[in-house]
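Chemist: show me how the following folds:
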Amino acid sequence: MIRGMHHVGISVVSLERSMEFYARVFGLTPLAPPETFQGRAYERLLGLPAVRGRVVLLAGNAFRVELFEFECPQPQGRDPGTPVSNHGLSHFCVEVDSIDRLYNLLVASGVRAHCEPLFFQGEGSATYIRDPDGNVIEIFEPGSRAP
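Modeler: All right, here's what the predicted structure looks like:
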């Protein structure tokens, strides 16, 4: 039945700012230009009356992120430092091939990380970073190398 994950959807403050972040950090590019969404089908799908905004689907390799910028209803802001222990989606994870190199590039460019990559015996190395809106992304390099 399930063939795999298609994409992760994220509500963002600024479509352009988030598109730049996901392009710079993960090399994702739009599959098509951003478009406006509204109407009955979106109202039903999203469960929001009179919904309206812009959306774009970014892709790279086997990784896709759908970014939504809502105009109506007016989104409620959240603390960009919300703890991952709060209920709801805590993070999504991307697998990388050189976590130390990527981590150093991200931190040097101002991306907020929770900590340096940590080694977990028998699993690999991981750290958490935050996108411009505070959404948490795990960066994970599988393997059992010692730090």
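Chemist: okay, CA-based contacts and neighbour counts for the rest of this
Modeler: Will do.
Chemist: count of neighbours near residue 45?
Modeler: 8 (other C-alpha atoms under 10 Å).
Chemist: relative to residue 30, how far out is residue 99?
Modeler: Look at residue 99 and residue 30: by C-alpha to C-alpha, to the nearest Å, they are 24 Å apart.
Chemist: neighbour count: the two, which is higher?
Modeler: When residue 99 and residue 30 are compared for neighbours, residue 99 comes out ahead with 21 against 16, by other C-alpha under 10 Å.
Chemist: residue contacts, the closest residue to that one other than its chain neighbours?
Modeler: Excluding its sequence neighbours, the residue lying closest to residue 99 (C-alpha to C-alpha, 6 or more residues apart in numbering) is residue 141, at 5.8 Å. By C-alpha atoms under 8 Å, 6 or more residues apart in numbering, the residues touching residue 141 are 95-99, 124-126.
Chemist: just the buried subset of the residues you listed, written out for ChimeraX, thanks.
Modeler: Of those, the buried ones go into a single ChimeraX selection, burial set by 16 or more other C-alpha atoms under 10 Å:
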select :99,124,125,126
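Chemist: let's see which of the contacts of residue 141 end up in strands.
Modeler: Counted as lying in strands by DSSP state E, out of these, are 95, 124-126.
Chemist: reformat those residues as JSON lines; add pLDDT and distance to residue 72.
Modeler: Below are these laid out as JSON lines (pLDDT from 0 to 100; distance: C-alpha to C-alpha, whole Å):
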{"residue": "95", "pLDDT": "92", "distance to residue 72": "34"}
{"residue": "124", "pLDDT": "93", "distance to residue 72": "42"}
{"residue": "125", "pLDDT": "94", "distance to residue 72": "40"}
{"residue": "126", "pLDDT": "94", "distance to residue 72": "37"}
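Chemist: correct me, but residue 128 touches residue 134?
Modeler: No. If you go by C-alpha atoms under 8 Å, residue 128 and residue 134 don't touch, sitting 11.0 Å apart.
Chemist: give the other helices and strands that the longest helix that the chain contains contacts.
Modeler: Criterion DSSP state H: the longest helix present in the chain is helix 15-26. Judged by 3 or more C-alpha pairs under 8 Å, 6 or more residues apart in numbering; DSSP states H and E, helix 15-26 is in contact with strand 52-60, strand 63-72.
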